[in-house]
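**Student:** Provide a 3D model corresponding to the input given below.
(one chain, ligands or ions: 1)
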Amino acid sequence: MPHRPGRHFLQIPGPTNVPDRVLHAIARPTIDHRGPEFAQLGREVLEGTRSIFKTSGPVIIFASSGTGAWEAALVNTLSPGDRVLMFETGHFAVLWQSMAKKLGLDVELLPGDWRHGVDTAQVEARLAADREHAIKAVAAVHNETSTGVTSRIAEIRRAIDNARHPALFLVDTVSSLACMEYKQDEWGVDVTVAGSQKGLMLPPGLGFNAVSEKALAASKSNRMKRSYWDWEEMLKANPAGFFPYTPATNLLYGLREAIAMLHEEGLENVFARHRRLAAATRAAVKAWGLEVLALDPAEYSSSLTAVVMPQGHDADHFRETTLERYDLSLGTGLGKLKGKIFRIGHLGDFNDLMLMGTLAGVEMGLRAAEVPYRPGGVQAAVDALSQPGVESRHNTAVLVP
Ligand code: PLP
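**Tutor:** Residues are numbered from 1 along each chain as shown. Below is the predicted model of the structure:
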């Protein structure tokens, strides 16, 4: 590819832009992963990640993508043939359930329209009807990256409790962690699955499992075969800051830096910044006369916005146009949404002017690709971001959706 001047706009909903501080932290010599310098790094990142998941329990870090962390969550807690209740909220939820099936689990997938999050009343009714407690785990995706729809994790927990059901609660936060409020302990989540390449502002390559005591107890008696993904060896080595095999040392340097950056900004401010940029994005979409895929404002994602393409127009052709003309990468439609939507990522290391550049690129792309739209989306976002009382420097204020 010939050189393209200026900065590429990587506005897919992950992997996200890696900030210079993280890149510099990674660009250091790799050290002996069995030596004292590593032990210090290991202890710092293993301790620091707990504050991001909001847990006092262990967080296990694999050299893996999010898919690996999905597998680890299942194989450490369940036995072949166990029933798992899952929800068809979008492409990633469907992929996780197909993995569960391949692993020999008995998946019950509650159907969905890919425009709503998990129906908590349905969860409660289904669990209440399961008098024999055949369902061993409830597994939900917090933020469906394929649709820009969130599910209300605290309310799913309440539904499980209301039904007085002992199922484990597994949650995928691959595209919500460090973007939206998340509280592993307070929300009674047993295993939280995450990855490095989205809200944590790192390159791809780390997968996480935050583990409750109940999940740990399950891992001692469950019967699923596992080796690489086994928590046990990790939990033996981690307290001293070590890993049972070669860790992704340089990504851990980056993780240490990213955790420090998140705390310097303050997690609440990080969440408020994401909410604010998401609200401005939706203001732009509305002004263009286009439709946001998420139907319930209470379920809008702060990490990304999925935009429905007008009938007869191919979203991927539009995306090709923004890439070719403006060096802007937007997210493609996944699974059954292919060609029908495009996704604007506004997560991770991202600020007002990066959003304005992104939205200008989308508006120019709509014109260039001859997609019918009303001009004025960029202006609507400027207005949204400039509302009186909205603190722009630290982005702490919250806009009503
Ligand atoms: N879960 C969600 C919500 C995701 O968005 C993704 C990837 O984008 C995954 C799981 C799978 O993660 P990975 O692609 O890192 O394996």
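**Student:** What about the nearest residue to D185 once chain neighbours are set aside, how many residues nearby?
**Tutor:** Leaving aside its chain neighbours, D185 sits nearest to T55 (4.9 Å; criterion: Cβ to Cβ, 6 or more residues apart in numbering). C-beta here means a position set from N, CA and C on the backbone, and glycine is covered the same way. By other Cβ atoms under 10 Å, 20 other residues sit near T55.
**Student:** got it, and G48?
**Tutor:** Around G48 there are 17 residues (other Cβ under 10 Å).
**Student:** Next, the contact list for it, please.
**Tutor:** By Cβ atoms under 8 Å, 6 or more residues apart in numbering, the contact list for G48 reads 255-256, 259-260.
**Student:** Just give me the closest of those residues to R50.
**Tutor:** The shortest gap between R50 and any of the contacts of G48 belongs to I259, at 9.9 Å (Cβ to Cβ).
**Student:** near the ligand, which residues of the stretch 151-300 of the chain show up?
**Tutor:** Counting by Cβ under 6 Å from any ligand atom, the stretch 151-300 of the chain comes close to the ligand at 172, 174-175, 195, 204.
**Student:** Show me just the buried residues among these.
**Tutor:** 172, 174-175, 195 (16 or more other Cβ atoms under 10 Å).
**Student:** and these, which of them are in helices?
**Tutor:** With DSSP state H as the criterion, helices contain none of these.
**Student:** could you dump those to CSV with distance to R275 and pLDDT?
**Tutor:** Output for those, formatted as CSV (distance: Cβ to Cβ, whole Å; pLDDT from 0 to 100):
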residue, distance to R275, pLDDT
D172, 20, 99
V174, 19, 98
S175, 15, 98
G195, 21, 98
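**Student:** can I have the helix or strand containing T305 written out in CSV, keeping just the CAs?
**Tutor:** Using DSSP states H and E, T305 maps to strand 304-308. Listed in CSV are the C-alpha atoms of strand 304-308, where the atom choice follows Å, rounded to 0.1, in the frame of the first residue of the first chain:
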residue,chain,number,x,y,z
LEU,A,304,-20.3,2.0,19.6
THR,A,305,-23.3,3.0,17.5
ALA,A,306,-24.6,0.7,14.8
VAL,A,307,-26.3,2.7,12.0
VAL,A,308,-29.0,1.2,9.8
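**Student:** Quick check: the farthest pair among the buried ones among the residues of the stretch 151-300 of the chain next to the ligand?
**Tutor:** Top of the distance list for these (Cβ to Cβ): D172 and G195, 9.3 Å.
**Student:** what sits against the closest residue in space to L127 that isn't next to it in sequence?
**Tutor:** Of all residues not flanking L127 in the chain, A163 sits nearest, at 3.6 Å (Cβ to Cβ, 6+ apart). By Cβ under 8 Å, 6+ apart, the contact set of A163 is 123-124, 127-128, 130.
**Student:** For A163, give its distance to G331.
**Tutor:** 36 Å (Cβ to Cβ, to the nearest Å).
**Student:** Looking at the residues of the stretch 151-300 of the chain next to the ligand, spot the one nearest the ligand.
**Tutor:** V174 (3.5 Å; Cβ to the nearest ligand atom).
**Student:** mind checking the backbone torsions on that closest one?
**Tutor:** When quoted as degrees, to the nearest 10, the phi and psi of V174 stand at phi -50, psi -40.
**Student:** dump the residue contacts of it.
**Tutor:** Applying Cβ under 8 Å, 6+ apart, the residues contacting V174 are 14, 66, 69, 92, 141, 143, 145, 193-195, 198.
**Student:** switch to 7 Å and redo it
**Tutor:** By Cβ atoms under 7 Å, 6 or more residues apart in numbering, the contact set of V174 is 66, 145, 193-195, 198.
**Student:** Quick check: chain neighbours aside, which residue is closest to it?
**Tutor:** G66 (4.2 Å).
**Student:** now T49
**Tutor:** In space, T49 is closest to V59, 4.4 Å off (Cβ to Cβ, 6+ apart).
**Student:** interface residues of the stretch 1-150 of the chain facing the ligand?
**Tutor:** 14, 65-67, 92, 141, 145.
**Student:** In strands only, show me the residues you listed.
**Tutor:** Among those, DSSP state E puts V141 in strands.
**Student:** can you give me the helices in this structure?
**Tutor:** 20-26, 36-53, 66-77, 91-102, 120-129, 153-162, 213-221, 231-237, 249-265, 267-287, 315-326, 352-368, 377-385.
**Student:** what about the second one, distance to the chain center?
**Tutor:** Average the C-alpha atoms of helix 36-53, do the same for its chain, and the two points are 21 Å apart (Cα atoms, centre = their mean, to the nearest Å).
**Student:** Over to the longest one?
**Tutor:** Relative to the mean C-alpha coordinate of its chain, helix 267-287 is positioned 16 Å out (Cα atoms, centre = their mean).
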